[in-house]
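A.B. asks: everything below, folded, please.
(one chain, ligands or ions: 1)
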Amino acid sequence: MFDVKLGSLLGQPEVSAFLRGIVSRGRYANAYLFHGPAGVGKCTAALSFARAALCERVPGAATVDSEPSLFGEAAPAAGGTGDDACGQCRGCAMAGTLQHPDLHFLFPVSAKDTKGETQKIDDAIVETFEDLRKDPLYVFQYERAASIRIDQTRELQAQLAYRPHTASRRVIVVRDCDRMREDQFSALLKSIEEPAATTVWVLTTSRLSRVPVTIRSRCQRVRFAPLPESLVRDVLQEKAGVADEKKARLLAAISTGSLGRALAMRDEPDMAIERDAAIALLAPPAAARFNGLWTAVQKSTGYGKAGRERLRLRIEFQQLWLRDLLRARYGAPRESLVSPERHDALRAQAASLDAREIRRRLMVLEEALRSIEGNVSADLALFSTMARAGGDRLGERAWPVHPTGRWDA
Ligand SMILES: [Zn+2]
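C.D. replies: Numbering: from 1, shown residues only. Next up, the predicted model:
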């Protein structure tokens, strides 16, 4: 059961207070846009907000008509806090299992929107709902091309002409709304602009710039921050079954405040091995052995999506290492390091690099992370990055011959 409340959102106190304020006043904007990094709880917050808005014990929750309900009991009972889902009423129960007739939840699916694939998409949607009900820490993962299904939004559009079924309003949550198509956005825009609408849209995105300005400007925006590293570590250890303290610490550090990312990586066998492989790549260019680096890099990544993810992880581990180097350089205590068990190696390296050089290398890595989204090949990107992060500028002749593999080939 999806039993989350606004009062128990992880690590977003301002957002939680803001949304509860809306619920307690019972006055909703036509549309909200939850934005911020991926994996920090935007979708969980959206569904919790929807649940509170559909609770029968919050202000403004009286049903539209006074017909006796199917279940015999009419008036909303007292109880609840008035600014959050009470967790006990019929509305809460239905929304808690994502089965409230006035709650619509749209999310991207990975299959193609063609005729033969329809059944596959339907199955994927049903499966996702089941997983979500079973696992409160469920992590959405889909391909780059995943999109919000077109006939789902069409179906919804038809319903918008009617009044909500049982609640006084209808709530539509669209996860990763930036994955909608142009015609879906225009339909959405029309609905948002409708005066006195009974529909509340709650859109989420981790790619704000991909949401059309026309939509952005008509939504009330709610910003989500990255989660504190310590919180991610605690959730991993206490709720997600990561017993090993060292692994939880590395995952939390590499996730940069995204619990979703940390959870998605929790089944990786050994993060310390991944880290050491990444750090090893920083060594060859220091001695200007480009051929050695090239060989190491080619062994290190792969092609396609997995290759890109691996590359990202490698570079992120290197960033953590360089940040540890900076800390070691300034004499930070061992416990404050991400890799305290490699304290001696850090101290030794830190002695030979000045802080400016470490920062320059960090910038090279930052640039590489940004370029990963582009259609470059993993090994070439990593090679170029490592060569530059290792302190050398590459001349034309130094570039090795490159195979034709690409991310999306
Ligand atoms: Zn309730």
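
A.B. asks: before we move on, what SS does L188 have?
C.D. replies: When classified by DSSP: H, G, I helix; E, B strand; the rest coil, L188 comes out as helix.

A.B. asks: go ahead and confirm it touches W201.
C.D. replies: Yes. Counting by C-beta atoms under 8 Å, W201 is a contact partner of L188 at 7.0 Å. Where you see a C-beta, it was placed from the backbone N, CA and C, and this is true even at glycine.

A.B. asks: any common contacting residues for these two?
C.D. replies: Common neighbours of L188 and W201 (criterion: C-beta atoms under 8 Å, 6 or more residues apart in numbering): V174.

A.B. asks: V297 against M386, yeah?
C.D. replies: Yes. Shown here, V297 and M386 form a contact pair, counting by C-beta under 8 Å, at 6.5 Å.

A.B. asks: where do the contact lists of the two overlap?
C.D. replies: Common neighbours of V297 and M386, using C-beta under 8 Å, 6+ apart, are L281.

A.B. asks: more neighbours: which of these two?
C.D. replies: M386 (28 against 24; other C-beta atoms under 10 Å).

A.B. asks: that one and the ion, how far apart?
C.D. replies: Using C-beta to the ion, to the nearest Å, M386 is found at 55 Å from the ion.

A.B. asks: check A283 too.
C.D. replies: Distance from A283 to the ion, counting by C-beta to the ion: 59 Å.

A.B. asks: what is the burial count for E341?
C.D. replies: 10.

A.B. asks: what does L208 give?
C.D. replies: By other C-beta under 10 Å, the residues close to L208 number 13.

A.B. asks: could we number from 5 for the rest of this?
C.D. replies: Yep, numbering from 5; the last one is L212 now.

A.B. asks: stretch 164-172: end-to-end distance?
C.D. replies: Stretch 164-172 has an end-to-end distance of 13 Å (C-alpha to C-alpha, to the nearest Å).

A.B. asks: avg pLDDT for stretch 199-210?
C.D. replies: Stretch 199-210 carries an average pLDDT of 90.

A.B. asks: can you give the distance of it from its chain's centre?
C.D. replies: 20 Å (C-alpha atoms, centre = their mean, to the nearest Å).

A.B. asks: same check on stretch 219-234?
C.D. replies: With C-alpha atoms, centre = their mean as the basis, stretch 219-234 stands 12 Å off its chain's centre.

A.B. asks: for V204, helix, strand, or coil?
C.D. replies: Per three-state DSSP, V204 ends up strand.

A.B. asks: that one contacts G30, doesn't it?
C.D. replies: No. Assessed by C-beta under 8 Å, V204 is found out of contact with G30, at 11.6 Å.

A.B. asks: between these two, who's got more neighbours?
C.D. replies: Taking other C-beta under 10 Å, V204 and G30 do not tie; V204 has more neighbours (21 against 16).

A.B. asks: so who does the more buried one touch?
C.D. replies: By C-beta under 8 Å, 6+ apart, the contact list for V204 reads Y32, A33, N34, A35, Y36, A54, A57, R173, R174, V175, I176.

A.B. asks: SS state for the fifth one?
C.D. replies: Assigned with three-state DSSP, Y36 falls in the strand class.

A.B. asks: count the residues that sit near it.
C.D. replies: Around Y36 there are 23 other residues, counting by other C-beta under 10 Å.

A.B. asks: report the contact partners of it.
C.D. replies: By C-beta under 8 Å, 6+ apart, the contact set of Y36 is A50, F53, V204, W205, V206, L207, C223, Q224, R225, V226.

A.B. asks: turn these into CSV, columns for distance to D383.
C.D. replies: Shown next, in CSV, are those (distance: C-beta to C-beta, whole Å):
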residue, distance to D383
A50, 39
F53, 44
V204, 48
W205, 43
V206, 42
L207, 38
C223, 41
Q224, 45
R225, 40
V226, 40
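
A.B. asks: which one of the residues you listed is nearest to A97?
C.D. replies: Distance to A97 across the contacts of Y36 (C-beta to C-beta) is lowest for F53, with 17.1 Å.

A.B. asks: derive a ChimeraX selection command for the buried subset of the contacts of Y36.
C.D. replies: Selection of buried members from those for ChimeraX, criterion 16 or more other C-beta atoms under 10 Å:
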select :50,53,204,205,206,207,223,226
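
A.B. asks: of the contacts of Y36, which belong to strands?
C.D. replies: Residues of these located in strands (DSSP state E): V204, W205, V206, L207, Q224, R225, V226.

A.B. asks: farthest-separated two in those residues?
C.D. replies: Farthest pair in the ones in strands among the contacts of Y36, by C-beta to C-beta: V204 and R225, 14.8 Å.
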